[in-house]
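>>> 3D, please:
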Amino acid sequence: METIYLNRENLPFWHEKAKLNVVALGFFDGIHKGHCKVIKSAAQIAKSKNLSLSVMSFFPHPKTVLSNGKKQVNYLMPLSKKEEALQKLGIDTFYIVEFDKEFASLQPGQFVVQYLLNLGVVHAVAGFDYSYGYKGVGSMDRLKSDSGGLIEVTKIEKFELNGEKVSSTFIREKLLNGDVDELSTFLGHPYEVECDWNGHALKVQPYYTLPAPGIYDVTLKGKFGSIKTLMIVMESGEGHSLHCLSKVPKYFTGTLSIVWHRPVKKVYAQKSTKKLVGTI
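Predicted coordinates for the structure are as follows:
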């Protein structure tokens, strides 16, 4: 899979390199089951047309840019992990568009021409609520007409599980409420974050979100093994911090992964683990 970072300066270069392709459109944070349905639908179309398969996402999140940084998004995964997940899904090209104020000001037709038609897109697939262009006025219902009829469109209808719409927003809400045991239903796997271990403290890597303060049943994974343990999420003036209730083996070094299984106790945040209060 080729990952291409698109911006205003290099866009003409990639226009020249582009080949005909089918594209899946979306932010795709977490690559949950709803995202997989969009991407797999695009993959089936690409296979039937004997064309390459692309995914187009954006960074940073539009809400952060459009609010001038006042609204911070609780990301579910960094771009590197998104790349890994997309590669496993058989994507040929991963476009990451730099989302800034100038990009946000593009009229719908300008976006379609510059970022789809000129990049060789002949068929676009996205969720029913995907929007594009200035103030998000572009929609899947008008994308074909915005392309002058040159792009075919497949709109994926709302995807629900257990009566809930599967979305990154919904998954974030579950995570921030501490309901980590429910996440695998929507993600297709337990929620996992990577952190750095210096022998004394665990520091979460950027663009992950920790669950609500509490005690959780987790698996801590290192390069040479894994242990089941309890993890405390604390909240302090510097944000959330992690405390493992088991001694971390000496052979655990560098980057570790935490797989979140279930809450043992949901708590109100305190600065000391001795002051944890509350129950499930």
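>>> Sketch out the helices for the stretch 101-250 of the chain, chain order is fine.
101-104, 108-111, 143-146, 168-176, 183-187 (DSSP state H, counting those that start in this stretch).
>>> May I see these organised as JSON lines, with mean pLDDT and distance to residue 213 added?
Bear in mind the C-beta positions are built from the backbone N, C-alpha and C, glycine included. Converted to JSON lines, the helices of the stretch 101-250 of the chain look like this (pLDDT from 0 to 100; distance: least, Cβ to Cβ, whole Å):
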{"stretch": "helix 101-104", "mean pLDDT": "94", "distance to residue 213": "35"}
{"stretch": "helix 108-111", "mean pLDDT": "97", "distance to residue 213": "41"}
{"stretch": "helix 143-146", "mean pLDDT": "97", "distance to residue 213": "43"}
{"stretch": "helix 168-176", "mean pLDDT": "95", "distance to residue 213": "10"}
{"stretch": "helix 183-187", "mean pLDDT": "96", "distance to residue 213": "17"}
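>>> do you know which of those lies nearest residue 240?
Among the helices of the stretch 101-250 of the chain, helix 168-176 comes nearest to residue 240, with 10.6 Å by Cβ to Cβ.
>>> How much space separates the spatially most central residue of the chain from residue 212?
Geometric centre of the chain, nearest residue: residue 29, 1.4 Å, by Cα atoms, centre = their mean. Distance of residue 29 to residue 212, given as Cβ to Cβ, to the nearest Å: 19 Å.
>>> circling back to that earlier point, would you confirm that the residue nearest to the centre of the chain contacts residue 77?
Yes. Applying Cβ atoms under 8 Å, one finds residue 29 in contact with residue 77, separated by 6.6 Å.
>>> need the strands for the stretch 151-280 of the chain, in chain order.
Using DSSP state E, counting those that start in this stretch, the strands of the stretch 151-280 of the chain run over 152-156, 160-161, 164-165, 191-197, 202-204, 214-222, 225-236, 239-244, 254-266.
>>> so which of those strands gets nearest residue 53?
strand 152-156 (13.0 Å).
>>> and that closest one, which strands flank it?
strand 121-127 (parallel) (DSSP bridges).
>>> contacting residues around the partner strand?
Strand 121-127 is contacted from outside by 20-26, 34, 38-39, 41-42, 45-46, 49, 51, 54, 116, 140, 143, 150-156, 158-159, using Cβ atoms under 8 Å, 6 or more residues apart in numbering.
>>> Are any of these buried, and if so which?
Among these, those classed as buried by 16 or more other Cβ atoms under 10 Å are 21-26, 34, 38-39, 41-42, 45-46, 51, 54, 116, 140, 143, 151-156, 159.
>>> in what helix or strand does residue 14 lie?
helix 11-17 (DSSP states H and E).
>>> helices and strands around the helix or strand following that helix, which ones?
Per DSSP H and E, the first helix or strand lying C-terminal to helix 11-17 is strand 21-25. When contacts are defined as 3 or more Cβ pairs under 8 Å, 6 or more residues apart in numbering; DSSP states H and E, strand 21-25 sits against helix 33-49, strand 52-59, strand 121-127.
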